[in-house]
Every structure is written in structure tokens, then in C-alpha cells.
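Asker: after the sequence you'll find the predicted model.
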Amino acid sequence: QVQLVESGGGLVQAGGSLRLSCAASGRTFSTYAMAWFRQAPGKQRELVAAITSGGSTNYADSVKGRFTISRDNARNTMYLQMNNLQPDDTAVYSCAAKSRLVGPYDYWGQGTQVTVSS
């Protein structure tokens, strides 16, 4: 069982930056594929960025060049550095983990609100 806890959300003006953190319990964090998702009001949840256990990353087109996903296995923590935030980035951001490279994510955090004002 893995427990995930996000932090770092808040209110920021357009053009600003935030760094989200996702702290994970358990001793096998380094073996999990991890990801950040977001869901805005009235919209479907979307994948923002993902990182494999080996450190390979991929991003949604809408955040490429602005967001950076990373992980620190020694601290059991994943990060999402978000720069040049825009009002369209406003959403609840959740982290997720899975033990297999393919298939759905098994574990989810409770989410953290990010609000970008224009």
C-alpha cells in the first residue's frame, strides 16, 4: 500500500511559479511510475506529466517547456515545478503512482488546489 500526500498549491498571478510536492510512504517508492494529473471545474481529469522509475518523462503538450517533473527517491518525493503559470492551469492537481509501467495508476493523493489569477 502506498499513501501519497500533495503540497505546494496556492494562488499565484499569471506568469508566476509554484512547485508541487508529492510525498509517498513505503520503501518501494523508487520502483513506482509516478504522475501528476489535474482536473479543472467542469472538465475531465488530464495527465499533466509522468516519470518512470528510471527517470524518463513525458508531458502534456499544454505544459511542455513550462512544467518540469522530477523525483527524489532518497526522500520518497516527486515534484512538479510549474513556471509561467496561466489561468488555464487552474485546477486541482493530484499525484498518482503505479507499480507497473503499463496499466492504470493504483494510488492517488487527495489533491492540491492551484489557482492562477489573470
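Answerer: Sure thing, it's come through. Residues are numbered from 1 along each chain as shown.
Asker: mind listing what residue 50 touches?
Answerer: 33, 34, 35, 36, 57, 58, 69 (Cβ atoms under 8 Å, 6 or more residues apart in numbering). Backbone N, C-alpha and C define where each C-beta goes, glycine included.
Asker: ok, the fourth one - contacts?
Answerer: Neighbour list for residue 36: 20, 22, 47-50, 69, 78, 80, 93-96 [criterion: Cβ under 8 Å, 6+ apart].
Asker: nearest to residue 40 among the residues you listed?
Answerer: Set against residue 40, the nearest of the contacts of residue 36 by Cβ to Cβ is residue 93 (10.2 Å).
Asker: selection in PyMOL covering whichever of the contacts of residue 36 are buried, please.
Answerer: Those of the contacts of residue 36 that count as buried under 16 or more other Cβ atoms under 10 Å are selected in PyMOL with:
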select buried, resi 20+22+48+49+50+69+78+80+93+94+95+96
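Asker: work out for me the element the residue nearest the centre of the chain sits within.
Answerer: Centroid check for the chain by Cα atoms, centre = their mean gives residue 36 as the closest residue, at 2.6 Å. Under the criterion of DSSP states H and E, residue 36 resides in strand 33-39.
Asker: centre of the chain versus that strand, how much separation?
Answerer: 4 Å (Cα atoms, centre = their mean, to the nearest Å).
Asker: spit out the contact partners of residue 49.
Answerer: Contacts for residue 49 (Cβ under 8 Å, 6+ apart) come out as 35, 36, 57, 58, 59, 60, 63, 67, 68, 69, 80.
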